[in-house]
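got a sequence here, can you build the structure:
(chains A and B)
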There are 2 protein chains.
Amino acid sequence: MGRPSAPLLDTGRITTAALALVGDSGGFTIPLLAKKLGVSPSSLYNHVSGRDEIVELLRERAMSEVELPPHGLDWRETVAQIARAYRDSYARYPRLIPLLTEHAVNSAHAFGMYNALADALSEADFGPTDVLNIITVLDSFVLGSALDLAAPEAPWRPSVEVGTALRAALDTASSKASRSDEAFEYGLRALLAGFDPLLDR
Amino acid sequence: MGRPSAPLLDTGRITTAALALVGDSGGFTIPLLAKKLGVSPSSLYNHVSGRDEIVELLRERAMSEVELPPHGLDWRETVAQIARAYRDSYARYPRLIPLLTEHAVNSAHAFGMYNALADALSEADFGPTDVLNIITVLDSFVLGSALDLAAPEAPWRPSVEVGTALRAALDTASSKASRSDEAFEYGLRALLAGFDPLLDR
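Sure thing, here's the model as predicted:
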């Protein structure tokens, strides 16, 4: 009986290792990734075409908990369900977010989500310009909210003087998870209410 | 005449060097920062108390282009002016964003901005719970929009099949700057319209 062999290199292991590097340092390089996996850079290229493909694998991992709602719901409900799942999924990997936004999206999983949003908005009679704007606004709000969800329990810790109005507002923050969740739902309601009158009726 | 001496270490140079490290790799460490500045870590500690203070210096640099509007404007105008300046200022340093959100805010400059927002909202008769929620929502939307502004010209580049509705939406995107700017203004209008009915009247 020989020793167990080293686990085979596959895209799952490559993604996990790249994610660990991003979590530690905010980025990854092919040489560092190969070193972490104990392989040569050329072995990596047997599994992925290069850095861009690894970024898309990271995007798929970040989105892995996004489940699409059934077709045919009210557009507000479709948008809300996707936004919630998208935020929760990305909040697991906050340092990955700027790496993903600096690369053009090119993954089937991501386009599955954007298609579902575009279909729901279009069926509700939003025009194509509104659809692009709404998707972009949701993307920005969700990614910013994922960063907020991953932020410290008390994201503001002033040693400087704060004014009366800000002090009263900060004092309403209770536990971290509920503060961030409450603000996210508040913003989602405001956006949905703000988009609504833009519908051609 | 001797050679020009090395520039003196000060917090400005420390901030610039840390910012360059974050831009290259997504993060910084004290040893790497000292190495980049050509000094020992202990020389750094003559100027800053540690990593947390450097993060606040980075936050002040990221916010350096945020100018506060004059007091007494309509709250919507105050919020819009601050949000625009905040997004433009942060879009210069996208990789800094998750580093800043993972540290509790403790800088006079940042609290100047939060105080101005809280004062304007409170004077418009939003209650303290609404003030905290609105500030959190704006923070999330602005930081996500700054990441979008720093994104590639065509942030979606599908090699996969996209549906009819998404294709029509993507085809409306013109040049990058205007796409991102237009979506930001669209989201800002939607948020302001969505917040408005929450006012106690």
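
show me what the lengthiest helix in chain A is packed up against.
Taking DSSP state H as the criterion, chain A has its longest helix at helix A:128-149. Using 3 or more C-beta pairs under 8 Å, 6 or more residues apart in numbering or on different chains; DSSP states H and E as the contact test, the elements touching helix A:128-149 are helix A:75-91, helix A:97-101, helix A:108-123, helix A:176-195, helix B:97-101, helix B:128-149, helix B:164-171, helix B:176-195. Any C-beta I mention is one placed from the backbone N, CA and C, and that applies to glycine too.

the ones you listed: which one's closest to residue B:80?
For the helices and strands packed on helix A:128-149, proximity to residue B:80 was assessed by C-beta to C-beta; helix B:176-195 is nearest, at 5.9 Å.

are that closest one and chain A in contact anywhere?
Yes - Helix B:176-195 is in contact with chain A by C-beta under 8 Å from any C-beta of the partner chain, via B:179-180, B:182-184, B:186-187, B:189-195.

got the domain ranges for chain A?
With domains defined by automatic domain parsing, chain A comprises A:11-48, A:66-198.

most neighbours per residue, which of these?
The highest average neighbour count among the domains of chain A, using mean count of other C-beta atoms under 10 Å in any protein chain shown, belongs to domain A:66-198 at a mean of 19.

show me what contacts the residue of chain A found nearest chain B?
The minimum distance from chain A to chain B, using C-beta to the nearest C-beta, falls at residue A:26 (1.8 Å). When contacts are counted by C-beta atoms under 8 Å, 6 or more residues apart in numbering or on different chains, residue A:26 touches A:95, A:99, B:22, B:25, B:26, B:27, B:95, B:98, B:99.

dump the domains of chain A into TSV; add mean pLDDT as well.
Shown next, in TSV, are the domains of chain A (pLDDT from 0 to 100):
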stretch	mean pLDDT
domain A:11-48	94
domain A:66-198	92
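
dump these to TSV, plus distance to residue B:163.
Listed next are the domains of chain A as TSV, based on distance: least, C-beta to C-beta, whole Å:
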stretch	distance to residue B:163
domain A:11-48	26
domain A:66-198	4
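
which stretch among those comes nearest residue B:38?
With respect to residue B:38, and counting by C-beta to C-beta, the nearest of the domains of chain A is domain A:11-48 at 21.8 Å.

that older thread, excluding its backbone neighbours, what's nearest the residue of chain A closest to chain B?
Once flanking residues are discounted, residue A:26 sits nearest to residue B:26: 1.8 Å by C-beta to C-beta, 6 or more residues apart in numbering or on different chains.

go on, residue A:128?
Excluding its sequence neighbours, the residue lying closest to residue A:128 (C-beta to C-beta, 6+ apart) is residue B:168, at 4.0 Å.

pretty sure that neighbour contacts residue A:135?
No - Residue B:168 is beyond contact range of residue A:135, at 11.9 Å (criterion: C-beta atoms under 8 Å).

find the residues that touch each one of those two.
Residues touching both residue B:168 and residue A:135 (C-beta under 8 Å, 6+ apart): residue A:118.

and what about residue A:66, helix, strand or coil?
Recorded secondary structure, residue A:66: coil (DSSP: H, G, I helix; E, B strand; the rest coil).

my read: it touches residue A:89, true?
Yes - with contact defined as C-beta under 8 Å, residue A:66 counts as touching residue A:89 (5.1 Å).

sorry, back to before: now distance to residue B:114 too, for the helices and strands packed on helix A:128-149, in CSV please.
Listed next are those as CSV, based on distance: least, C-beta to C-beta, whole Å:
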stretch, distance to residue B:114
helix A:75-91, 22
helix A:97-101, 22
helix A:108-123, 32
helix A:176-195, 14
helix B:97-101, 14
helix B:128-149, 6
helix B:164-171, 35
helix B:176-195, 17
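
quick one, which of those is nearest to residue B:36?
When those are ranked by proximity to residue B:36, the top entry is helix B:97-101, at 16.3 Å, counting by C-beta to C-beta.

the closest one close to chain A?
Yes - under the criterion of C-beta under 8 Å from any C-beta, chain A is reached by helix B:97-101 at B:97, B:98, B:99, B:101.

who touches that helix?
With contact meaning C-beta under 8 Å, 6+ apart, helix B:97-101 is reached by A:26, A:94-95, A:97-98, A:147-148, A:150-151, A:155, B:22, B:26-27, B:55, B:58-59, B:62, B:90, B:143, B:146-147.

and if you look at stretch A:151-162?
Here stretch A:151-162 makes contact (C-beta under 8 Å, 6+ apart) with A:148, A:170, A:173, A:175-176, A:180, B:101-108, B:111, B:114-115.

ok, back up a step: now the longest helix of chain A against helix B:164-171, angle please.
Calculated by axes from the mean of the first three to the mean of the last three C-alpha atoms, to 10 degrees, helix A:128-149 forms an angle of 90 degrees with helix B:164-171.
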